[in-house]
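>>> have a look at this fold, sequence not included:
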């Protein structure tokens, strides 16, 4: 199996992940660890820890480690500094990270609770820049500036294991004669007559390496993953013995790379951080633990733009006995107010209320609550910024009616 089959750390955004997914994967390196960092947008007032690796940033609450998030650098659109309102620091300079994942934009705001420490800004910005400038390690490139004076321009940490002259690229009917390089991180071919006609194929993007028959005879066929274009590239290497030897060498290097990938993000701190396993708080296991792959509410606070252009059509809900706005795909009415764990404090109650996104139509429901009860409900939650329709939903929920004396 290729390393890309299970690689998600740098290309996904995940919330409230299990402790196993917070650990570093092969090739992932912890670069910096920052204590006393607040997730100002999603967990304002909650002191946490920010971990900066060569693939992503991880934030987790120090009080409850199951409250966490993982942001891959490939999802980052921009990183800036702005003024934000923090419950722990008041108005202060914060790190704004705008991201996009699966056509949805998320915005993250991180604030350093300890004043006078600029590492929050320097570490994250510098490591992300190192990630952006090392894409040659991870992305398939066509017609790039790979060759200088007929020699391969080596990347840092790259070593050439073999150079093969007289290799035909079979992308056209007549083929193109060129030179083939096999390194520890990628395969490179360029045409002898035109250096700019070239291809760089990182092992990270290789789906399969095979020998197949073609109209030119036996050829080396390399197939890339769909996310890199799904290319099928053929190369003719003579004699056949050299072809077999090259295929064996490439497969061997591909296996070595998969076991210990080189992602190319090279950045070192003066002070070495502790291993990631020592810095993450072990999650306390309950007597009964229900694991679910589908989290539809933890990310609500981080939406950076309104994906909903207009209200969806109302439909009749037999469960509630009234008209509600049609739910989005993947959401259920039960899931909108289901509580999956015990809440031990008023702060956790407020956190749960904040996370539950109601799609109930407000018309006709406000009559269920008199003004006094609505105010009590707001004060009980401890968060006056909660939207009205979320409070109404929470008040209507059988769970909260039994648990809270509203």
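Looks like it arrived, so ask away. Only a predicted model underlies this, so the values are computations on that prediction, with no experimental measurement involved.

>>> ok, residue 130 - contacts?
With contact set as CB atoms under 8 Å, 6 or more residues apart in numbering, residue 130 has these partners: 54, 265-267. Where C-beta positions appear, they are placed from N, C-alpha and C, glycine not excepted.

>>> swap the cut-off to 6 Å and go again
265, 267 (CB atoms under 6 Å, 6 or more residues apart in numbering).

>>> ok but it is inside a helix, no?
Yes - under DSSP: H, G, I helix; E, B strand; the rest coil, residue 130 falls within a helix.

>>> how much space between it and residue 54?
8 Å (CB to CB, to the nearest Å).

>>> farthest residue from the center of this protein?
The outermost residue of the chain relative to its centre, with distances by CA atoms, centre = their mean, is residue 239 at 44.7 Å.

>>> tell me the pLDDT at that one?
pLDDT, residue 239: 93.

>>> rewinding a little: overlap in contacts of residue 130 and residue 54?
With CB under 6 Å, 6+ apart, residue 130 and residue 54 have common neighbours residue 265.

>>> so which residues make contact with stretch 233-249?
With CB under 6 Å, 6+ apart, stretch 233-249 has contacts from 167-168, 170, 211, 216, 218-222.

>>> ok, the closest residue in space to residue 113 that isn't next to it in sequence to residue 110 distance?
Distance criterion CB to CB, 6 or more residues apart in numbering; nearest residue to residue 113, sequence neighbours excluded, is residue 36 at 4.0 Å. Distance, residue 36 to residue 110, using CB to CB: 11 Å.

>>> what about the two, which has more around it?
In this view residue 36 and residue 110 are compared by other CB atoms under 10 Å, and residue 110 has more residues nearby, 23 against 17.

>>> flag every buried residue along the helix ranked longest in the chain.
Longest helix in the chain, counting residues (DSSP state H): helix 240-259. Across helix 240-259, burial judged by 16 or more other CB atoms under 10 Å covers 243, 246-247, 250, 253-254, 257-258.

>>> okay, now the unreliable bits of the chain?
1-5, 270-311, 329-330, 335-406 (pLDDT under 70).

>>> and the helices in it?
19-22, 119-132, 240-259, 276-279, 333-337, 346-355, 371-381, 388-396, 398-403.

>>> isn't residue 224 up against residue 208?
No - counting by CB atoms under 6 Å, residue 224 does not reach residue 208; the two are 9.1 Å apart.

>>> between the two, tell me which one has more neighbours.
Set residue 224 next to residue 208 and count neighbours by other CB under 10 Å: residue 224 wins out with 21 against 12.

>>> beta partners of that one?
residue 206 (DSSP bridges).

>>> what's the answer for residue 213, then?
Beta-bridge partners for residue 213, by DSSP bridges, are residue 218.

>>> if I look at it, how far off is residue 40?
Counting by CB to CB, the gap from residue 213 to residue 40 is 60 Å.

>>> looking at these two, which is more packed in?
A direct count of neighbours by other CB under 10 Å for residue 213 and residue 40 places residue 40 higher, at 23 against 9.

>>> ok, now which ones touch that one?
So residue 40 contacts 84, 86, 94, 109, 111 (CB under 6 Å, 6+ apart).

>>> output those as a markdown table; include the columns distance to residue 193 and neighbour count.
Shown next, in a markdown table, are those (distance: CB to CB, whole Å; neighbours: other CB atoms under 10 Å):
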| residue | distance to residue 193 | neighbour count |
| --- | --- | --- |
| 84 | 56 | 20 |
| 86 | 61 | 20 |
| 94 | 54 | 23 |
| 109 | 53 | 19 |
| 111 | 57 | 23 |
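
>>> among these, which two are most distant?
Farthest pair in the contacts of residue 40 (CB to CB) is 86 and 109. Separation: 8.7 Å.

>>> and this protein, what are its domains?
3-134+265-279, 140-258, 310-403 (automatic domain parsing).

>>> need the strands for the stretch 51-200 of the chain, in chain order.
Using DSSP state E, counting those that start in this stretch, the strands of the stretch 51-200 of the chain run over residues 56-61, 68-72, 76-86, 90-101, 104-112, 141-142, 147-148, 151-152, 160-169, 176-183, 186-191, 198-202.

>>> contacts only, for the residue nearest to residue 113.
Neighbouring residues of residue 36 by CB under 6 Å, 6+ apart: 47, 113-114.

>>> and which of the residues you listed is nearest residue 334?
Proximity of the contacts of residue 36 to residue 334 (CB to CB) peaks at residue 47, which lies at 33.2 Å.
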